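A.B. asks: Predicted model, plus sequence, below.
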Amino acid sequence: MSSVERPPSGIAGQAFRLFLLGPLRLADAEDRDLTPGSGVQRAMLAVLALAPRGSVSRVRLQDMFWGEKDPQLAAQSLRTALHGLRRSLAALPVPIVTTDETTVGLRLDLVAVDLLALQEAAPLPAAALGGAPEVLEGLNPRLGGGAEGFEDWLRDQRSFWSDRIETLVAAAGATLAVGPAPAPATLAPARAAAPPERAPALPPVLGLLVPLVEGGGPRAQFLADGVLDRISVSLRDHLGVRLYDYRELGGDTDMAGIVDEPLLYLRLRFYHEPGWSSIRMIGLGPGLRDMLWSAECELGALDGAPIEERAADFLAEVVTLSAETVHRPPQSENEATISPFHAMNVMFQLDRGALDELRGQIATSWERTADPVYLSLQAYLNTFRVGEHWGAQDGDLREETLEMLCSGLLERSQNGLAAALAGHAAGYVLHDRDRAEALLARAVTLVPQSAFAWDHFALHRTYCGRYDSAREASARAMRLGAGSPIRFSFETTNCMISTLEGRFEAGRDLGRAVLAKRPRYGAALRYTAVSLAHNGQIAEAERLIARIRAMDPTFSSGWVAQNRMAIENPGARALLQLGLTRAGA
């Protein structure tokens, strides 16, 4: 694979450049022209590029470009335009336009936008005699179909950026040169976040087929689409796959213009009768010829609890089966790319040798894909080095974690799993409560169906002493993660909350249940020992401390004073220290 020139911006992973000064132009790092031919597609790229965080709601785009159409026709027009845009960009090694059920986004972690450099007051291009080029020069605002919203947007953008450019030119004492502006300047990337030296590896492709609905009318169709949308977000976040959504083609599975045929197609069937409903997912192989697997779930009546809670086991099973289908063993060690799903499974096996090996696999995956989820996985793995008595919480570990989280990529990523992973690392290793709060709140907003995200939000609130909201988030994680293979970690969060609230019998019982499944789980050992000690069961508490010291001979109640347990509330810290002392630590 040929190497790719590093973007001039120095921003990790930004392999593409979008020029909005002058005629719109999209190019890769070797300056090959990738600009879509359609005016609507170019206009949509511009809107996404200048939107906050590169993300715009579907409703907003429909109103901007097809505001005079019936809402259903406008939604269909948007789906058609997005499909055309993805086809235009199908040759790119990684997708730069992302979609979910509510938003459309441009991956600003991969695309450097020239105007954003001016917003950050980055250095101007060399002075030239000519005046500043027009923003989106030559782009016709009259795109048809009721695009008055886009016309207004374009007029406002040209006025704003013209004023901005004149101000910067005057300050520089020179005239802005015609041509592409430099990419935005940001915090220099960390050692762990160095941009890959070669083109990102292509992630596997999954195809989402139009769901088949039997009975139930529009309400059932809406719910079936909602289930598929939630599954698509989980597949994207946990597996790092590319998704071809054939719902946006009206059911057409013509592969014209698609670079790679999906390795797996997913067909959802929704069955409804009065007072009863169920769903079934079928996994089909390439060419839609072979059924590879199926998963089923009874939902009961269509009213009641949110569907993501009633179908939690089903959603988890589909992600697991999809992971086992599309992530095959690499042909060689140099090609090894581990999915986030598999990386997390390895972490929660709590095998120290496997964790050491996993560090290398995650680093290799980052180099091959430039996907910021691997930065968050590297940072999250450092929480195991602390919490599982695998290493010291020293300055090197903190500096390494800080560098992984400070590349700026994670804030721009729309990956909810990455936000949850990074948020936990920010809180547990760096004790940066504000950043942890922002990332974890974002995670549960992006992936409200994720038990993992809600559990780590509960952990963060526990560290901050906000037990009411911690219990509420933890209960939601337990409902969503009823069938999760890492449910024991959610139960450990419950154990921690109970212990810190002084409900020692509940903490003891929850901890014992976890340790029956994972006898070496550090967090469960520590909090169960504290609950036992406060409950007067000193001998059993001492045995748990002995198990910890078999892994880490330096462990003591001093962990609390050193803030290695990440607890902020003084009363909770005193409770932990007293319990560990009574247990012989």
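C.D. replies: Alright, I've got the coordinates. Numbers count the residues shown, from 1 in each chain.
A.B. asks: Grab the nearest non-local neighbour of Cys495.
C.D. replies: With C-beta to C-beta, 6 or more residues apart in numbering as the criterion, Cys495 has its nearest non-adjacent residue at 3.9 Å, and that residue is Leu510. Bear in mind the C-beta positions are built from the backbone N, C-alpha and C, glycine included.
A.B. asks: and what of Val104?
C.D. replies: What sits nearest to Val104 in space, not counting adjacent residues and going by C-beta to C-beta, 6+ apart, is Val56, at 5.7 Å.
A.B. asks: The one you found against Asp100, yeah?
C.D. replies: No: with contact defined as C-beta atoms under 8 Å, Val56 does not count as touching Asp100 (12.0 Å).
A.B. asks: what bits of the protein have low per-residue confidence?
C.D. replies: 1-14, 118-133, 140-146, 166-203, 249-260, 302-309, 327-336, 391-395, 407-412 (pLDDT under 70).
A.B. asks: ok so, going back, surely the residue nearest to Cys495 is in a helix?
C.D. replies: Yes: looking at Leu510 with DSSP: H, G, I helix; E, B strand; the rest coil, it is inside a helix.
A.B. asks: Can you give me the distance of it to Ser557?
C.D. replies: To Ser557, Leu510 is 22 Å away according to C-beta to C-beta, to the nearest Å.
A.B. asks: Who has more neighbours out of the two?
C.D. replies: Set Leu510 next to Ser557 and count neighbours by other C-beta atoms under 10 Å: Leu510 wins out with 24 against 18.
A.B. asks: residues contacting the more buried one?
C.D. replies: Leu510 makes contact with Glu491, Thr492, Asn494, Cys495, Ser498, Thr528, according to C-beta atoms under 8 Å, 6 or more residues apart in numbering.
A.B. asks: and the second one, helix, strand or coil?
C.D. replies: Put plainly, it is Thr492. Per three-state DSSP, the local secondary structure of Thr492 is helix.
A.B. asks: list the contacts for it?
C.D. replies: Applying C-beta under 8 Å, 6+ apart, the residues near Thr492 are Leu510, Gly511, Val514, Tyr521, Ala523, Ala524, Tyr527.
A.B. asks: what sits against Leu358?
C.D. replies: Ile338, Ala343, Val346, Met347, Leu381.
A.B. asks: An error on my part: the question was meant for Ala311.
C.D. replies: By C-beta under 8 Å, 6+ apart, the contact list for Ala311 reads Val227, Ile279, Cys297, Leu299.
A.B. asks: ok, of those, which one's closest to Glu261?
C.D. replies: Nearest to Glu261 out of these is Val227 (C-beta to C-beta; 24.3 Å).
A.B. asks: Now do the host helix or strand of Glu403: which elements does it pack against?
C.D. replies: Glu403 is part of helix 395-405 when elements are defined by DSSP states H and E. Helices and strands touching helix 395-405, by 3 or more C-beta pairs under 8 Å, 6 or more residues apart in numbering; DSSP states H and E, are helix 373-387, helix 416-428.
A.B. asks: okay, the angle between that helix and helix 373-387?
C.D. replies: Here the directions of helix 395-405 and helix 373-387 differ by 160 degrees (axes from the mean of the first three to the mean of the last three C-alpha atoms, to 10 degrees).
A.B. asks: about what we covered before: between the helices and strands packed on helix 395-405, which gets nearest to Gly215?
C.D. replies: Closest of those to Gly215 is helix 416-428, at 32.5 Å (criterion: C-beta to C-beta).
A.B. asks: coming back round to it: for the contacts of Leu510, please prepare CSV with the additional fields distance to Pro93.
C.D. replies: Formatted as CSV, the contacts of Leu510 follow (distance: C-beta to C-beta, whole Å):
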residue, distance to Pro93
Glu491, 41
Thr492, 40
Asn494, 43
Cys495, 45
Ser498, 48
Thr528, 48
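A.B. asks: Return the member of those nearest to Val444.
C.D. replies: Nearest to Val444 out of the contacts of Leu510 is Asn494 (C-beta to C-beta; 17.5 Å).
A.B. asks: where's that closest one relative to Glu68, distance?
C.D. replies: Distance, Asn494 to Glu68, using C-beta to C-beta: 53 Å.
A.B. asks: With neighbour numbers in mind, choose between the two.
C.D. replies: Higher neighbour count among Asn494 and Glu68: Asn494, with 25 against 12, using other C-beta under 10 Å.
A.B. asks: Touching, the more buried one and Met478? I think so.
C.D. replies: Yes: counting by C-beta under 8 Å, Asn494 touches Met478, with 7.2 Å between them.
A.B. asks: before we move on, back to that, let me know the secondary structure of the residue nearest to Val104.
C.D. replies: Counting by three-state DSSP, the backbone at Val56 sits in strand.
A.B. asks: And the strands in the stretch 251-400 of the chain, which stretches?
C.D. replies: For the stretch 251-400 of the chain, applying DSSP state E, counting those that start in this stretch gives strands covering 264-273, 276-284, 291-298.
A.B. asks: quick one, which of the ones you listed is nearest to Arg60?
C.D. replies: Among the strands of the stretch 251-400 of the chain, strand 264-273 comes nearest to Arg60, with 27.5 Å by C-beta to C-beta.
A.B. asks: Show me what the closest one is in contact with.
C.D. replies: For strand 264-273, the external contacting residues (C-beta under 8 Å, 6+ apart) are 204, 206-209, 211-216, 220-221, 223-224, 227-228, 231, 277-285, 288, 292, 302, 318, 322, 325-326.
A.B. asks: likewise stretch 63-75?
C.D. replies: Under the contact criterion C-beta under 8 Å, 6+ apart, stretch 63-75 has outside partners 40, 43-44, 47, 58, 62, 77-78, 81, 143, 145-150, 153.
A.B. asks: ok, now stretch 378-394?
C.D. replies: Contact partners of stretch 378-394, identified using C-beta under 8 Å, 6+ apart, comprise 192, 347, 350, 352, 355, 358-359, 362-363, 366, 397, 400-401, 404-405, 421-422, 424-426, 428-429, 520-523, 548, 551-552, 555, 562, 564.
A.B. asks: Now the buried members of those residues.
C.D. replies: Among those, those classed as buried by 16 or more other C-beta atoms under 10 Å are 192, 347, 350, 355, 358, 362, 366, 397, 400-401, 404-405, 421-422, 424-426, 428-429, 520-523, 548, 555, 564.
A.B. asks: So what's the residue count around the residue lying closest to Glu134 once chain neighbours are set aside?
C.D. replies: Counting by C-beta to C-beta, 6+ apart, Glu134 lies nearest to Arg158, which is 6.6 Å off, once chain neighbours are set aside. Neighbour count for Arg158, taken as other C-beta under 10 Å: 16.
A.B. asks: in the host helix or strand of Arg158, what's buried?
C.D. replies: Applying DSSP H and E as the criterion places Arg158 in helix 148-172. Within helix 148-172, the residues scored as buried using 16+ other C-beta under 10 Å are Glu148, Gly149, Phe150, Trp153, Leu154, Gln157, Arg158, Trp161, Arg164, Ile165, Leu168, Val169.
A.B. asks: Tell me which residues touch the second one, please.
C.D. replies: Neighbouring residues of Gly149 by C-beta under 8 Å, 6+ apart: Asp63, Met64, Phe65, Gly67.
A.B. asks: Report the buried residues of whichever strand or helix holds the first one.
C.D. replies: According to DSSP H and E, Asp63 maps onto helix 58-66. Across helix 58-66, burial judged by 16+ other C-beta under 10 Å covers Arg58, Arg60, Leu61, Gln62, Asp63, Met64, Phe65, Trp66.
A.B. asks: just checking, next helix/strand downstream of that helix?
C.D. replies: Once helix 58-66 ends, the next helix or strand along the chain (criterion: DSSP H and E) is helix 71-88.
A.B. asks: Okay then, goodbye and thanks.
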